[in-house]
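> Quick one, structure for this:
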Amino acid sequence: MTRTSTMQPFVPGDIFLGLTELNDPDDDHAGAGRIVQYDRNLNLKGELWTDGGKHLVGGLEFDENGLLWAFNDLCVIHVDSKTGAQLPLADKFLPRCYRSASFDADGNAYLGEHMKAKSKPTEGMAARTTIKFPVIPGEGVLGFGFIYKYDVDWNLKNIFECETAPEFTHFKGVTHSSLHPNGQFVTYATETGKRLMRYDVINDRQMPDLVKYPGDDPFDRVWVIAVKYLPDGRLLVTRGDFMELLDEQGQVLKAYPLDTYGWTDIEICADGVHCFVSSIWEGTVVKVNIETGEIVGNIDTGMSAPKRCLAGIAEFSG
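Here you go, the predicted structure:
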């Protein structure tokens, strides 16, 4: 099937969602990679069919130059804001299943590695999916669950061998991460794990957890999923069917009920007032006033489970 990309040059306020078209009967996470564009009023504007990888396009993030980053399997995807076109795949990145990106003031990129497993688990929750995970060439494993630092020219500068948290699928590493505004450390999570972890990227050392959630039952839903820093150092985290705002000590400042379950990505809006939160299970996005908790907008992509593919959200600020 021929697919035509209709993505337009980016305008401040445009919203971008990773929405892979799942169409492989033998792999429930595989299909044609796609990023969908919405305008500032949350109206559909265009779409880009991506090259690289065959599973979920996710982890969308803009760098300081307005370049859109996304990830699929072992590929790093870049989209030019001036044309709305994907750039050629770069060969400078280690082949890893990255899932999140942060950028410091010098343009360095910190990429979190989603996968941490020697092979796909054959028992429990992981055995219930037909996904065929890519294996790292020359390594024979799915992933290490590390954080990787690349400079502004995309040269590898460091590999941070960070800790991760146990979770019930037994294959996840650094699934969500966010660099603190001071550039000193990355705060990160292993999705559905019970640790909100931090790694000092200046001194290359594991830091004490920001939060440790109680309990030993991996299925009790007392866990953390997405993380994203506000410019003032407060941290937004999703916890399943709600979101919390934490202070620098990990104390809860505010809780936001989100009704349904599965909120897996957060984007801070350029206006400093709102954030977007997306749900992979419902295929929905809500725009939330951070101070009041009021939901002021929403997008329903129509991609709810089992078509769950909403794996990233980013706003272009210009």
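
> can you pull the pLDDT of residue 76?
pLDDT for residue 76: 98.

> How about the helix or strand where it lies, which residues are buried there?
Remark: residue 76 resides in strand 75-79, with elements defined by DSSP states H and E. Buried residues in strand 75-79, counted by 16 or more other CB atoms under 10 Å: 75-79. C-beta here means a position set from N, CA and C on the backbone, and glycine is covered the same way.

> quick one: it to chain centroid distance?
14 Å (CA atoms, centre = their mean, to the nearest Å).

> contacting residues around whichever helix or strand comes after it?
Downstream of strand 75-79, the next assigned helix or strand under DSSP H and E is strand 98-103. For strand 98-103, contacts defined as CB atoms under 8 Å, 6 or more residues apart in numbering pick out 58-59, 61, 63-64, 69, 71, 76, 109-114, 148, 174-179, 186, 188.

> Narrow those to those that are buried.
58-59, 61, 63, 69, 71, 76, 109-114, 148, 174-179, 186, 188.

> From the residues you listed, which land in helices?
Per DSSP state H, helices hold no members of these.

> and the residues you listed, which of them are in strands?
Among the buried ones among the contacts of strand 98-103, the members falling in strands (DSSP state E) are 58-59, 61, 69, 71, 76, 109-113, 148, 176-179, 186, 188.

> CA atoms of the strand holding residue 76 as PDB?
This file holds the C-alpha atoms of strand 75-79, laid out as PDB (Å, rounded to 0.1, in the frame of the first residue of the first chain):
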ATOM      1  CA  CYS A  75      16.400   3.400  15.100                       C
ATOM      2  CA  VAL A  76      16.600   7.100  16.100                       C
ATOM      3  CA  ILE A  77      14.100   9.200  13.900                       C
ATOM      4  CA  HIS A  78      14.500  12.900  13.200                       C
ATOM      5  CA  VAL A  79      11.900  15.100  11.600                       C
END
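
> what sits up against it?
Residues contacting strand 75-79 (CB under 8 Å, 6+ apart): 7, 33, 35, 48, 50-53, 57, 67-71, 85-87, 89-90, 93, 98, 111.

> ditto for stretch 61-68
10, 16, 35, 60, 69-70, 78-81, 100-103, 105, 107, 109, 312, 314-318.

> Buried residues in stretch 303-315, which are they?
Applying 16+ other CB under 10 Å to stretch 303-315 flags 303-304, 307-315 as buried.

> Thanks a lot, see you next time.
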